[in-house]
Every structure is written in C-alpha cells, then in structure tokens.
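Novice: how would this look folded up:
(chains A and B)
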Protein chains: 2
Amino acid sequence: MKNRGSFDNAFKKGFVKAYSPSHISGFFEICDNKNPLYKGSVGCGLVLDSGCVTDVSLTNQVKIEINGIEEDANTSKYVLDNLAGESKITVSTDFEVPIGCGFGASGAGALSTAIALNELLSLNMTLNEVVQIAHRAEVENNTGLGDVIAEAYGGIVIRKKPGPPGIGVIDGIPLREEKISYVVLGKKLTKTILEEGDAEMKRRINGYGREALKELMRKPTLEHFMLVSRNFSLQIEIISDKCRDAIEAVAAEGKVASVAMLGDTVFVIGNSEALKAFGEVKESKLSNSGAKII
Amino acid sequence: MKNRGSFDNAFKKGFVKAYSPSHISGFFEICDNKNPLYKGSVGCGLVLDSGCVTDVSLTNQVKIEINGIEEDANTSKYVLDNLAGESKITVSTDFEVPIGCGFGASGAGALSTAIALNELLSLNMTLNEVVQIAHRAEVENNTGLGDVIAEAYGGIVIRKKPGPPGIGVIDGIPLREEKISYVVLGKKLTKTILEEGDAEMKRRINGYGREALKELMRKPTLEHFMLVSRNFSLQIEIISDKCRDAIEAVAAEGKVASVAMLGDTVFVIGNSEALKAFGEVKESKLSNSGAKII
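Specialist: Purely as a prediction, here's the structure:
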C-alpha cells in the first residue's frame, strides 16, 4: 500500500461519502478466467443516474449497513476487508435502486465503498486501482460480471473485452439526455444464475450474447441496443413469463422494452403506458457521470 | 460510413445540440507520431463542468460560428469536412470558457461538433469513433494534444499513453466535488508553441513532463497533482511573469496555484483571495461527466 497522504482531511474528519450510479446490462456473454481481474463479461448496458450513496466512518466496530439494516453484504465486505486493514470502519450504503433486480447494485455498492475508503484512509490509489478492487469483489462473489467498469465511467458502455479499467476494453454509444422507465416484477439473484446455472444455460447465454454484440456493432445506437437486448432476453429462456408479457404489451404500443440482466425487471426508453399494468413504474435519467466522492 | 438509422428523428428535426466539458492540463509530455491517432500527449488534467454547447443544423450553406461570430475554426471545420459529406450544415458553438487560454476549448468544440453531427446525420458511429475524429482534428491542426480523451469521459484524467479512446490509455484520480477558481491573464495559442517552439523548448517540456507524471503516480491525489503541475509550470520556462507572480501570491496565502497548459491562465482548487489582485476570478466545478447530446 502507498504512503498515507498528508493533505487529506478525511481521516481527521472521520467520515467520507461517495456516490455510484447504477447499471442495467441489456445483454452479455460470460467470460470466465481463473484470474478475477480477467474474469467478467462483454456486452452493453445503460448507466443510470439513480444509484447509491455510501458513507464510511471510523468507528469502534466493523459493520456494514444496507439501507439502514446491518447485513453481511459480501461484495462490499470484500472491499472493506481488502482496503481497511486494522481500521474499525462502518460502511453504510443507501440505494435508490432495488437490490437483486438487475441494476448492478452490488457493483455500485462495492465501487462507492472502495472510492470512499480510498479517501478516508488516504490510500492514494488511482481510479483504475479502486475500480479493480470493486470488480474483483463482484466476480469473486458472483454478484456481477461487468457493472463496475460501466459505473466507473457512465454512459452507454459497450464492453468489448472483460475486466476493470486497465484490463477491460470499452467503447460506447454517444449518450443523449433520456430517461428510462422500469417496473420491477420480482427478484432474481445473479449469484443463483452464475453459481447454479447449468452448462447448457451458460452456453445459450454466451452464444446469443456474442451474436448480440456483433449485431449491436453493426448499428451502435440506443434504439438498436434496445432491439438487440429484447431479442437476447427472449432467446436465452431464463426470463419470467411476467417479463415476457410486459415486453409484449409494450411492443403492442409500438415501443421496445427489454429485461435488466440478470433481473426480473423490464425497462423501456422514455415513457410506456403499457408498463403501468405490470406494477409501479419508476424512472431514472441516463447518466454520463461515473462514481465519485460527494 | 455505416447505414443511416431509421429510428432517429434528428435528421427530420433538422438540428441537434451537444455539450462538451472543458479540460485544463496541468502538465504534459508531447508524443509525436506520423499517425495522428497515435500522436498526442501524456500527462494529467482536470475536466471542468464549464464547457461549450454546439448546435448543428441543416441549412443551405456550410458555416461555422463561434460565440455567434462566423469564423474559420479549423479544428471544428476538420470534423465537419470529414463527417458531413455533401450536406450543407451550420455549426454554431458557444463557449462558457475563454478560447486560447488553456481550457482545451478547440477540443471541446471539435468533440461536441462530432457528437452532434453523428446524431444529426445518423452516422451510427460509436463513442470511440466519434472521439477519434475529434482527436485527429486537434492534433492535425496543432490546437491540442490530449484534451479530447479527457473531455470524452470527465474526471481527473491521467493520460498514460497518447491518443483517443481505443488507442490511448488512461487512469485517473478518483474525483471529489470541488470547484476551481481561475484568472485569465492573457492568450497563448497552443498552435504557436507546438508549431513554432524550438527543439530545446520541446525537450525541456518533455523532460519535465515525463518526471511530473512519474512523480504524480507516486501519490495520485488532487493536492499532489496541483503541486506537480506548479513545479512543471515553473520549470518549463515558457510561462509569463504575470503567471509566476500569481503563483507566488497564492503560495504566500498557503495555497497551490498552477498554469493551465498551454495558456496564460492561473488556477487553484477552491477559493483564493490572492488571485483577486490579478483580474476577474471565475469559477467552474470539476466534472465527472463526458460530452453528450443535450
């Protein structure tokens, strides 16, 4: 670890807050590797303004709170264990987006925790080093594969080679100011799919995921991303009937909805009247901004 | 060029607006190459919220306006010539930051023009392709070397290998919400230095620039960036006496000011009473957001 900084007042102040946007993956291909820095996914997704705020503070006990309730939160705990050393720290993360529903919430939690600890403890890590810790936390805990690099930069991120900044390779679709509307239909833990999914299911995801990326690159626009994502979600055969129904209802009004991967959430660019029949419709702006200290 | 999109309404609407943040380089090393995509600089700089807005519209003549006045604006013209084909387009860019004073204004103008034209003409370029055009426009016109990749992403960008996204390699200093204060003391055109600077001056810039990057990487914090940048600006022997006086006056109040490269502008993180003696003090927030359609 590098020397502690002398300029920084965070340690004296005793607490730091950091923000991370969230991320919806539209389609993906799993890229396995023994080295967690090279493990991840390729694909494309949208970075959302709605994310999380993490407060880290020097206390007399090691504790992680998610939305005010003490939890194990393994992904954030991995970051804390790796960065905090002997320091007694409380990590408290409040999410604007639901957890376990395809918003890359665990990645956003890990990334904001890493950024906040870097500042609090004057660890003097670069952005790439901070993001790499969060990426490792994600893939070692099977809570995500490609959210962290997108949440570090913002935008509509095309992940061309897996991994965090410094290893992964990204491109993007130029962003315009839009909002997405979404309905959460249930929970589907990425961990369950990644750990317990059978080989055939993973082959299916990867086959269609690879094709989806090629298809997107033929016409890298937001509208085409939505179409490619919808096709992918219909092809991989793991989405719920409710998701399928919502996609069809939105199609009937002439719009394109898709499923947040891996979650039980249906999203659409702009507004959708049809989506209202499936539950409470929430909104978030797309964001061109990455995680940061606030 | 790829197929024109069918979903996009920009062409029908006839105009598109895009925003780019600006960028202050603290120190740099010139990396020459015959291929403009590999030519550029390494170094580190701050992306500022204050930037420019470019409006592109289908008209009956090819015209470029900068802050409301028709100009040659070679960097923006390069982008227009390369992307617009036979289309008659008016490009109108309004800047929040001064031009020719070290804010990467020409890069911001070129980048916002490229993003706007990509949308207006449904060129279906990826973000990297769009940024590459703007980077080429900068280096072929000698108006900048490394602003465009920083303005595409936002943050405090460390440029480790020169070039635009897809070729250049970046890292960063995790961002926190801060503002910079600055005073513009005069104009200094990057073009003049890059085209007319003698070999000895370039050797000096490159020697100190290389050392500065190494020194920053030993402790990549915002405060250390300011110190390293100040040392660099004092060492390279091209800054004006006024700049030197302002840096000293700010040092006397216990703060660290430096010079926006290449410009005749002195900046400091937060506020500075001392800076007020040198002219009108303006402010901008640091920004973690890249250029986008608005």
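Novice: Can you name every helix or strand that the host helix or strand of residue A:18 contacts?
Specialist: Here residue A:18 sits within strand A:15-31, counting by DSSP states H and E. Packing contacts for strand A:15-31, counted by 3 or more C-beta pairs under 8 Å, 6 or more residues apart in numbering or on different chains; DSSP states H and E, involve strand A:40-58, helix A:105-120, helix A:147-153, helix A:199-218, helix A:222-235, strand A:292-293. In this view, the C-beta of every residue, glycine as well, is placed from N, C-alpha and C.
Novice: Alpha carbons of the fourth one, as CSV, please.
Specialist: Extracted in CSV, the C-alpha atoms of helix A:199-218 (Å, rounded to 0.1, in the frame of the first residue of the first chain):
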residue,chain,number,x,y,z
ALA,A,199,-23.6,-25.6,-18.6
GLU,A,200,-26.3,-25.6,-21.3
MET,A,201,-27.8,-22.4,-20.0
LYS,A,202,-24.5,-20.7,-19.9
ARG,A,203,-23.8,-21.9,-23.5
ARG,A,204,-27.1,-20.4,-24.5
ILE,A,205,-26.3,-17.1,-22.9
ASN,A,206,-22.9,-16.9,-24.4
GLY,A,207,-24.0,-17.9,-27.9
TYR,A,208,-26.7,-15.3,-28.1
GLY,A,209,-24.6,-12.8,-26.1
ARG,A,210,-21.8,-13.0,-28.7
GLU,A,211,-24.3,-12.6,-31.6
ALA,A,212,-26.0,-9.7,-29.8
LEU,A,213,-22.7,-7.7,-29.5
LYS,A,214,-21.9,-8.3,-33.2
GLU,A,215,-25.4,-7.1,-34.1
LEU,A,216,-25.1,-4.0,-31.9
MET,A,217,-21.8,-3.1,-33.5
ARG,A,218,-23.4,-3.1,-37.0
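Novice: what helices or strands is it leaning on?
Specialist: In terms of contacts (3+ C-beta pairs under 8 Å, 6+ apart), helix A:199-218 is packed against strand A:15-31, strand A:40-58, strand A:156-161, helix A:222-235.
Novice: Rebuild those as JSON lines, extending it with mean pLDDT and distance to residue B:290.
Specialist: As requested, these are exported to JSON lines (pLDDT from 0 to 100; distance: least, C-beta to C-beta, whole Å):
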{"stretch": "strand A:15-31", "mean pLDDT": "97", "distance to residue B:290": "13"}
{"stretch": "strand A:40-58", "mean pLDDT": "97", "distance to residue B:290": "11"}
{"stretch": "strand A:156-161", "mean pLDDT": "98", "distance to residue B:290": "11"}
{"stretch": "helix A:222-235", "mean pLDDT": "97", "distance to residue B:290": "16"}
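Novice: mind giving me TSV with those and columns for mean neighbour count?
Specialist: As requested, those are arranged in TSV below (neighbours: other C-beta atoms under 10 Å in any protein chain shown):
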stretch	mean neighbour count
strand A:15-31	26
strand A:40-58	25
strand A:156-161	22
helix A:222-235	21
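Novice: low pLDDT regions in the stretch 101-250 of chain A?
Specialist: Low-confidence segments of the stretch 101-250 of chain A (pLDDT under 70): A:188-191, A:197.
Novice: residues from it in reach of chain B?
Specialist: Selection of the stretch 101-250 of chain A residues close to chain B by C-beta under 8 Å from any C-beta of the partner chain yields A:115, A:118-119, A:122, A:124-128, A:130, A:153-156, A:158, A:165-166, A:170-177, A:217-221, A:223-224.
Novice: Would you mind checking these for buried ones?
Specialist: Neighbour-count burial (16 or more other C-beta atoms under 10 Å in any protein chain shown) is assigned, among these, to A:115, A:118-119, A:122, A:124-128, A:130, A:153-156, A:158, A:165-166, A:170-176, A:217, A:219-221, A:224.
Novice: I'd like the distance between the closest residue to residue A:229 other than its chain neighbours and residue A:158.
Specialist: Computed as C-beta to C-beta, 6 or more residues apart in numbering or on different chains, the closest residue to residue A:229 that is not its neighbour in sequence is residue A:26, at 3.1 Å. In this structure, residue A:26 and residue A:158 are 10 Å apart, going by C-beta to C-beta, to the nearest Å.
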